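Enquirer: give the three-dimensional model of this entry:
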Amino acid sequence: MAFLGGLFSKEKKESLNKGLEKTSDNIFSRLGKALVGKSAVDDEVLDNLEEILVSSDVGINTTLKIIERIQQRVARDKYLGASELDRILKEEIAGLLAENQSEDVQDFTIPEGKKPYVIMVVGVNGVGKTTTIGKLSAQFKDHGKSVLLGAADTFRAAAVDQLKLWGERVGVPIISKGMNTDPSAVAFDAVQEGVNRGVDVIIIDTAGRLHTKVNLMNELSKIKRVVQKVIPDAPHEVLLVLDGSTGQNAVIQAREFTKATEVTALAITKLDGTAKGGVVIGISDEFKIPVKYIGVGEKVGDLQVFNKAEFVDSLFRRG
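Expert: Okay, the predicted model is just below:
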């Protein structure tokens, strides 16, 4: 289902609420305990709030920034009581995301004049990279876009096979040369074929190995160079996929990949299986890279375009 007038459909909103339920429950149950018997937002309340945010994997630096802003509001407005803390917290997190994010993408669309739109997908093995590509392909197709996949993660047979399965499942063609072939050659062929077919979107999967960062950097740079022989301004997007359920480990991966290549957008997966959904806030704040997609469930439609206001609303939803 698509967005309606820039707003979430009821189905997508319910999916987002359910996906963030564990994080929301974690924050509110602990916040409730921290406020028992309290009428004012004092140092003890703020210390407890700091612990709650850190345990939700918001991250130390981002947590301290939020606490400082709340302190300033409490000092400025003497009438703020402990009962209003969740409202204040919601407003400050929404404000932080608004500062760190570009405008929300309203749907699975591509910019005007960028056809084919080339997306290079990066991320370590196991974060849900190939699954994200499959779901992304299905979503683009559901929104009337033609898609072609390039299986350039050629170091793992499972990666190539899994991408082929997704291609068959969603009815999207895939360019593959099998395992142990040159990833840049696959990327070149995929882009060339995409141009020849006149497709709207080309998605290129790449190898997810961080233990040889220099090799990874060289490999991704080479893929970019060969792709630019066909489309000079490609790739138009470098999408880093992170597993939200790993909390701070996702932050470490983001640091490593942003050193290895220019990352222009983020997809944070597996938020439905964790109480660590606060990691979205911390990653957005630290890297100033737009969170473009979030994964909040198993279904194809559970890969959602990230909407700041709806995310915060679901995060602070009671019951």
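Enquirer: ok, and what's touching the host helix or strand of S314?
Expert: Secondary structure from DSSP states H and E places S314 in helix 308-315. Contacting residues not belonging to helix 308-315 are listed as 8, 13, 16-17, 19-20, 23-24, 27, 90, 93-94, 97-98, 101, 104, 277, 280, 294 [C-beta atoms under 8 Å, 6 or more residues apart in numbering]. Heads up, the C-betas are built off the backbone N, CA and C, glycines and all.
Enquirer: again, 7 Å this time
Expert: Judged by C-beta atoms under 7 Å, 6 or more residues apart in numbering, the contacts made with helix 308-315 from elsewhere in the structure are 8, 13, 16-17, 20, 23-24, 90, 93-94, 97-98, 101, 104, 277, 280.
Enquirer: what's the ChimeraX syntax to select whichever of the residues you listed are buried?
Expert: What follows is the ChimeraX syntax selecting those of the contacts of helix 308-315 that are buried according to 16 or more other C-beta atoms under 10 Å:
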select :8,13,16,17,20,23,24,93,94,97,101,104,277,280
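Enquirer: among the contacts of helix 308-315, which are in helices?
Expert: K13, L16, N17, T23, S24, K90, I93, A94, L97, A98, V280 (DSSP state H).
Enquirer: now those residues in a markdown table, with pLDDT?
Expert: Supplementary listing: the ones in helices among the contacts of helix 308-315 in a markdown table, determined by pLDDT from 0 to 100:
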| residue | pLDDT |
| --- | --- |
| K13 | 91 |
| L16 | 93 |
| N17 | 92 |
| T23 | 91 |
| S24 | 90 |
| K90 | 90 |
| I93 | 93 |
| A94 | 91 |
| L97 | 90 |
| A98 | 88 |
| V280 | 94 |
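Enquirer: most widely separated two among these?
Expert: By the measure C-beta to C-beta, N17 and A98 form the most distant pair in the ones in helices among the contacts of helix 308-315, at 21.0 Å.
Enquirer: and the helices in the chain?
Expert: Using DSSP H, the helices of the chain run over residues 10-19, 21-34, 43-55, 60-76, 85-100, 129-142, 157-170, 183-197, 213-228, 248-260, 279-287, 308-315.
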